[in-house]
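[1] Predicted model and sequence below, questions to follow.
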Amino acid sequence: MQATIHNEFLTLTVDTHGAEAVSLKNAAGEELLWQADPAVWKRHAPILFPWTGKLPGGTFEVDGKTYKGGQHGFARDVEHTLLKAEGDTIQLELRSDDAIKAERFPFDFVLTSIFRLDGKTVHHTLTVRNPGTEELRFGIGYHPAFNIPFDGQHTTTDYEFRFDQPESPVILDASPNGLLSGKCYYQWKNQQAIQLTDDLFANDSFCMAGLRTKTIGIYEKGTGRKITCNVEGYPYALIWSAPAKPVRFVCIEPWHSLPAAETDPQQWSQRAAAACLAPGESWETTLSTTFDR
């Protein structure tokens, strides 16, 4: 099922499957989100929960039981409950149930997803609550994909990623299998812009740490048109696109947790996490994205 809200600038549609934004159009009716061509990448803007990236061996253990886990958790692959779709707000909820606890993740949780339109900005707030009797440890992140180029008159090299100040991000290496190798390196030093090319993501994404910038955006050079994500407060931010030529979309992905490392233990209780919630506690984060196009 899908729900749609709009204001004078934006029209947003969210699907209850994955609580995923599947369409965002500007006042001119232009589609701003990637439309999930399965020949390139079959998603639009998935939620990453209760982990980001991959797990060692694709599994984790709790109390001696092994659970299989695909990339980026499972919230993006299950049905969420629509609680509200009116005015400028869409609200959805995912609660752990017996099937999820038996097959996917043996912990009680409530994941609430709220989308709110504010002028040309979409605020997407994720709240995690622990209604159970034991600690809830989880990872979480965002993965929106934006159409590139903005129109038929522009090509890949008309675009660049920009920070709001010069940066020398530390790149955390996760090649070639998506697990952290323990190595890190500098790809750019004291640069405020990263030129987009069709080969930029030939070796997959760039996971950046140590950023001071408040925003990362994809800018169309010379026109003022841009899409900017507020990444302030996020310890990690990734940029990525599928290896299609020419580039069809770009992702700006603020994360609160990392993929597993090659040497990580299988026990879930020993994994690094975005948060560890005691019973009754909750945790919240918001991604605000502004569409000036």
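    The structure has been received and is ready for your questions.
[2] Output the below-cut-off pLDDT ranges for the stretch 151-293 of the chain.
    For the stretch 151-293 of the chain, applying pLDDT under 70 flags no range at all.
[3] can you pull out the strands in it?
    159-167, 170-172, 184-186, 191-195, 206-209, 215-220, 226-230, 236-240, 249-255, 275-277, 282-292 (DSSP state E, counting those that start in this stretch).
[4] I'd like to know which of those lies nearest to Thr89.
    For those, proximity to Thr89 was assessed by Cβ to Cβ; strand 282-292 is nearest, at 13.2 Å. The way it works is simple: take the backbone N, C-alpha and C, and place the C-beta from them, glycine included.
[5] Which elements pack onto the closest one?
    For strand 282-292, the elements it packs on are strand 121-129, strand 226-230, judged by 3 or more Cβ pairs under 8 Å, 6 or more residues apart in numbering; DSSP states H and E.
[6] Thought Trp34 was touching Lys42, still the case?
    No: in this structure Lys42 lies outside contact range of Trp34 using Cβ atoms under 8 Å: 10.0 Å.
[7] Bridge partners for His17, pull those for me.
    Counting by DSSP bridges, His17 forms beta bridges with Glu79.
[8] What count of nearby residues applies to it?
    The number of residues packed near His17 is 14, by other Cβ atoms under 10 Å.
[9] same question, the one 5 residues further on
    Counted by other Cβ under 10 Å, the residues lying close to Val22 total 19.
[10] doesn't it fall inside a helix?
    No: going by DSSP: H, G, I helix; E, B strand; the rest coil, the assignment for Val22 is strand, not a helix.
[11] In terms of neighbours, single out the busier of Lys42 and Trp34.
    Per other Cβ under 10 Å, whichever of Lys42 and Trp34 has more neighbours is Trp34, with 23 against 10.
[12] Could you check the pLDDT of the more buried one?
    Trp34 carries a pLDDT value of 98.
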